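Colleague: I would like to see how this sequence folds:
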Amino acid sequence: MTDDRALLYWDASAILSLLFNDVHATLAKRQFRRTGKHLLSSLARAECASVIARAVRSGEMAVALGERAIESIARTPWLALADGPAAATLRVLARRYPLRGADLWHLALALDLGESLPGVRLLTFDSVLGAAARAEGLAAE
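Modeller: Here you go, the predicted structure:
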């Protein structure tokens, strides 16, 4: 028996796949339509804003479209998270996995969230982060 209610922590790669028509867009949209809670950290919001702004500056995206994309990240159904992961969690995971800084941060936050929100899953399309999330039992299906 599976529960259709999502408790998903989205990293920037997953959020950006909602906004850009990339190879993961279909899966990202399917996950987005799931009922439940969709969690978004301040780091993921900053990463997405940076990517969108870079696309606007380079001319790959119109200014108005970029503004709408950034605004959409601020709207429901996202539940914004302001806190970061515990320093101890970061240290343990840094020794365990070869992750870039932001990916380490996302994994650590998802792991810490799991202590108070059992069943939380990390949705990412980054292969290295995804492997680490699977090893920790956090990967979204």
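
Colleague: Tell me where this protein is predicted with low confidence.
Modeller: Along the chain, the model assigns pLDDT under 70 to residues 1-4.

Colleague: one more time with 80
Modeller: 1-5, 76, 141 (pLDDT under 80).

Colleague: And the helix or strand harbouring Glu71, what does it pack against?
Modeller: Assigned by DSSP states H and E, Glu71 belongs to helix 63-74. Where contact means 3 or more C-beta pairs under 8 Å, 6 or more residues apart in numbering; DSSP states H and E, helix 63-74 is packed against helix 12-19, helix 42-57. C-beta: built from backbone N, CA, C; applies to glycine.

Colleague: Out of the ones you listed, which is closest to Tyr97?
Modeller: helix 12-19 (16.1 Å; C-beta to C-beta).

Colleague: can you list the residues that contact that closest one?
Modeller: Residues external to helix 12-19 that are found in contact with it (C-beta atoms under 8 Å, 6 or more residues apart in numbering): 22, 24-25, 27-29, 31-32, 40, 43-44, 47-48, 51-52, 69, 72-73, 102, 123-126, 129.

Colleague: Name the residues of the helix or strand that the helix holding Glu71 is followed by that come out as buried.
Modeller: Later in the chain than helix 63-74, the nearest helix or strand by DSSP H and E is strand 78-81. For strand 78-81, burial by neighbour count (16 or more other C-beta atoms under 10 Å) applies to Trp78, Leu81.
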